[in-house]
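Visitor: Here's my sequence, what's the structure:
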Amino acid sequence: MDFFEIKIPVMEETTPFDYAFMVADGLKSSGLSIVPLRFKTSAADSCQMNEYLKKYVFSRTPDWLVLCCGIQDISRQNPKNSGTSPENFKQNLLDILETCRQQQIRVILMTPPLYTEDPFCLENQTLALYADIIRETAATEDIPLADVNRLMLHVVKHKPYPEQNYLTSDGLHLNARGSILAATAILQALHVPKSIIKQSVSNWMSQPDTVRIPVTLHMSLYDLEKLQTLTSRNGQTEEAWVNKLLQGCLNKDATNSKDTE
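Guide: This is a model prediction of the structure:
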């Protein structure tokens, strides 16, 4: 559950790679002064969200609420817990929207991210029913829609590395690339100009230290001693030295590619 509150300090630490932070950054580029205020609730299904809103959100008097649910509603469908039926899910959504209207909070509905990056798995097929309910509710209630589910489906079906997670860190939780996708969907729902979204995405993609890739280097002891001598001489760690070398190679390759175009 995420919301954006004008001129209210951040209550929980956010990072440049969090989609709430990215949305605020994109809106600031549009000339708005908006600070993201993010609440994380574990195992929050649509049945519980009204209580979470009353307990954590309404006292902060937010202007906007970005409401995303569905994952927990289907993940609870097991022999010990039947989960939330589509009918109850829709009623829960309507109840939350009515509560927000009473509190004069504007809502953006967001379809849930995929359950895994396998678009054809049973969980994602089930989740599609709940995403459809969110789309229908957004249309009938005239509420902005950030259709993250549909965008993710399109991307994972065409991702360049089918065997690897592309938008998530573990198949479910969004990584930096997935956060950019979610932020883009929300900014589009708020009708932020395409030029500003494009520039924001470029800035986020260029943010240093966004991704950490564990790499194992194979070398002889002689080569290790050479590497340690180089790093000691320059006052660097082995990791920093390799990072600098790799960045230089990537920049050189990018320059060569431009020269050949």
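
Visitor: per-domain residue ranges of this structure.
Guide: Following automatic domain parsing, one gets these domains for the chain: 2-205, 221-260.

Visitor: Now do the buried residues in the shortest one.
Guide: If you call a residue buried by 16 or more other C-beta atoms under 10 Å, then domain 221-260 has these buried ones: Thr231. All C-beta spots, glycine's among them, are computed from the backbone N, C-alpha and C.

Visitor: got a list of what the residue sitting nearest the centre point of the chain touches?
Guide: Against the mean C-alpha coordinate of the chain, by C-alpha atoms, centre = their mean, the closest residue is Ser179 at 2.7 Å. Contact analysis of Ser179 by C-beta atoms under 8 Å, 6 or more residues apart in numbering lists Phe17, Asp18, Tyr19, Met22.

Visitor: If you tally nearby residues, what's the number for the first one?
Guide: The reference is to Phe17. Residues lying near Phe17 (other C-beta atoms under 10 Å) number 19.

Visitor: same check, this time on the second one
Guide: The tally of other residues near Asp18 (other C-beta under 10 Å) stands at 20.

Visitor: so which strand or helix has the residue nearest to the centre of the chain?
Guide: If you go by DSSP states H and E, Ser179 is part of helix 176-189.

Visitor: List the buried residues for the helix or strand that comes right after that helix?
Guide: Remark: after helix 176-189, the chain's next helix or strand is helix 194-205, criterion DSSP H and E. Residues Ile196, Ile197, Ser200, Val201, Trp204 are the ones in helix 194-205 that count as buried (16+ other C-beta under 10 Å).

Visitor: so who does the spatially closest residue to Thr210 that is not a sequence neighbour touch?
Guide: Counting by C-beta to C-beta, 6 or more residues apart in numbering, Thr210 lies nearest to Ala176, which is 4.8 Å off, once chain neighbours are set aside. By C-beta under 8 Å, 6+ apart, the contact list for Ala176 reads Phe17, Trp204, Gln207, Thr210, Val211.

Visitor: so the first one, which of the three states?
Guide: It stands for Phe17. Under DSSP: H, G, I helix; E, B strand; the rest coil, Phe17 falls in the coil class.

Visitor: swap in the last one?
Guide: Recorded secondary structure, Val211: coil (three-state DSSP).

Visitor: Just give the number of residues close to it.
Guide: Val211 has 10 neighbours, counted by other C-beta under 10 Å.

Visitor: any idea which helix or strand carries the residue lying farthest from the centre of the chain?
Guide: Taking C-alpha atoms, centre = their mean, the residue of the chain most remote from its mean C-alpha position is Tyr222, at 44.4 Å. Take DSSP H and E as the rule and Tyr222 turns out to sit in helix 221-234.

Visitor: Mind exporting the C-alpha coordinates of that helix to PDB?
Guide: Extracted in PDB, the C-alpha atoms of helix 221-234 (Å, rounded to 0.1, in the frame of the first residue of the first chain):
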ATOM      1  CA  LEU A 221      48.200 -16.900  -7.600                       C
ATOM      2  CA  TYR A 222      50.700 -14.900  -9.700                       C
ATOM      3  CA  ASP A 223      47.700 -12.900 -11.200                       C
ATOM      4  CA  LEU A 224      46.200 -12.500  -7.800                       C
ATOM      5  CA  GLU A 225      49.400 -11.000  -6.500                       C
ATOM      6  CA  LYS A 226      49.500  -8.600  -9.500                       C
ATOM      7  CA  LEU A 227      45.900  -7.600  -8.800                       C
ATOM      8  CA  GLN A 228      46.600  -7.000  -5.100                       C
ATOM      9  CA  THR A 229      49.700  -5.000  -5.900                       C
ATOM     10  CA  LEU A 230      47.700  -2.800  -8.400                       C
ATOM     11  CA  THR A 231      44.800  -2.200  -5.900                       C
ATOM     12  CA  SER A 232      47.200  -1.500  -3.000                       C
ATOM     13  CA  ARG A 233      49.200   1.000  -5.000                       C
ATOM     14  CA  ASN A 234      46.000   2.900  -6.000                       C
END
